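**Student:** Just to be clear, the model below is a prediction. Sequence and coordinates:
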Amino acid sequence: MNDKKEASLVLQNVSHSYGATAVLKELTLQVNAGEVVVLVGPSGCGKTTILNLLSGYIQPSSGTVHKTGIIRTVYQQDGLFPWLTVSENIDMGLQPIGNTTQRTKERKELVELIHLEGFENHYPHELSGGMRQRVELARALAGRSDILLMDEPFSALDYQTRLRMRLELVRILKQRPRTVVFVTHDIEEAAQLADRVLVLSNRPATICRELVIGTARPRDLTSGTVIETMKEILQALGLPQ
C-alpha cells in the first residue's frame, strides 16, 4: 500500500454529462491511500458515475482523473459466477498469480479471512446473501489489489445482515488494508464506516459537505460520534433530524 498521506485517487474539476443531462459539475475530490471515503447524496445525483470515472469505465466530459494502484469493484448485486464454486470464484481474482502453489495458499488465506471454511466447494445458490457478499469481498481483495470501489454492496441484504457485514468489512480491512470509496444511501452505514463522508448535492452534483470522523472503527450505533455524524449528514441533505 502507499503511504497514508499519498493520494490514491484524484478527481480534478471533473464534469460529466449523459447527453443533455449534466450529472457532475467541476467536482474535485482526493482519496488518500488507506482511507475509507463514503459518498452519500440524493438518488440519481451521480454517486455511481463517480465510481465509474474512478475505475476508468467511463471518461469525464471535462477535467482529469488520476489513480495510483490496482482497482477492484464490489457491486450492489453480487457478481459471482453461478456455475463456479466459492474457491473457483475467488480464483478469478487470483489469475494474475502464475505460481499454482502461491495461488492455492492465497485462496486458503482468503477463505479463512471471510470465515467460510468448509464452504469452498459450494455454489453461490447454496449460500446466504451475506455469505455471497463475503465471497465477493474475498475476490476483490485477491492478488495485488490496492483500491476497492464499493457501490451499495450491502443494500440488498436484510438489516441484521447489513450490520454484520459492516463489522466484517471493518475486520477484513484491518487485516488487509485497502483504499476504499464506498457509495451508500444509508447514513447510518456512512457514519459507522467512513474516515470521511462526502455529501453530494442534487444533480449536477458537487460536494456540499465534508465530514471528517476521527474515532476508530468499529463504531457502536449508539455512540455519540455516529449519532452526531448522522445528524450532520441529514442537515447537509436538508432532511428532518
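**Tutor:** Okay, I see it.

**Student:** Which residue would you name as the spatial centre of this structure?
**Tutor:** Geometric centre of the chain, nearest residue: Met150, 2.5 Å, by CA atoms, centre = their mean.

**Student:** Tell me the strands beside the helix or strand harbouring that residue, with direction?
**Tutor:** Element membership for Met150, per DSSP states H and E: strand 147-151. For strand 147-151, the paired strands and their directions (DSSP bridges) read strand 71-74 (parallel), strand 179-183 (parallel).

**Student:** In terms of mean pLDDT, which of those strands ranks lowest?
**Tutor:** When these are compared by mean pLDDT, strand 71-74 comes last with a mean of 91.

**Student:** so how far is that strand from its chain's centroid?
**Tutor:** 8 Å (CA atoms, centre = their mean, to the nearest Å).

**Student:** now the helix ranked longest in the chain against strand 147-151, angle please.
**Tutor:** Secondary structure of the chain per DSSP state H: the longest helix is helix 159-175. Counting by axes from the mean of the first three to the mean of the last three CA atoms, to 10 degrees, helix 159-175 points 170 degrees away from the direction of strand 147-151.

**Student:** how far does helix 159-175 sit from the chain's center?
**Tutor:** For helix 159-175, the distance to the chain centre is 12 Å (CA atoms, centre = their mean).

**Student:** Domain boundaries for the protein, per the record?
**Tutor:** 1-69+147-241, 82-145 (automatic domain parsing).

**Student:** okay if I get those domains as TSV plus distance to Tyr75?
**Tutor:** Where C-beta positions appear, they are placed from N, C-alpha and C, glycine not excepted. Formatted as TSV, the domains of the chain follow (distance: least, CB to CB, whole Å):
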stretch	distance to Tyr75
domain 1-69+147-241	5
domain 82-145	8
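
**Student:** between those, which gets nearest to Gln76?
**Tutor:** Closest of the domains of the chain to Gln76 is domain 1-69+147-241, at 4.3 Å (criterion: CB to CB).

**Student:** how distant is the closest one from the center of its chain?
**Tutor:** Centroid displacement of domain 1-69+147-241 relative to its chain, using CA atoms, centre = their mean, is 8 Å.

**Student:** just stretch 116-134 next, same as before
**Tutor:** On CA atoms, centre = their mean, the centre of stretch 116-134 falls 20 Å from that of its chain.

**Student:** mind checking the end-to-end distance for it?
**Tutor:** Using CA to CA, to the nearest Å, the end-to-end distance of stretch 116-134 comes to 8 Å.

**Student:** Report the rounded mean pLDDT for it.
**Tutor:** 94.

**Student:** For that stretch, which residues meet the burial criterion?
**Tutor:** Going by neighbour count (16 or more other CB atoms under 10 Å), the buried part of stretch 116-134 is Leu116, Phe119, Tyr123, Pro124, Leu127, Gly130, Met131, Arg132, Gln133, Arg134.

**Student:** Many thanks, I have nothing further to ask.
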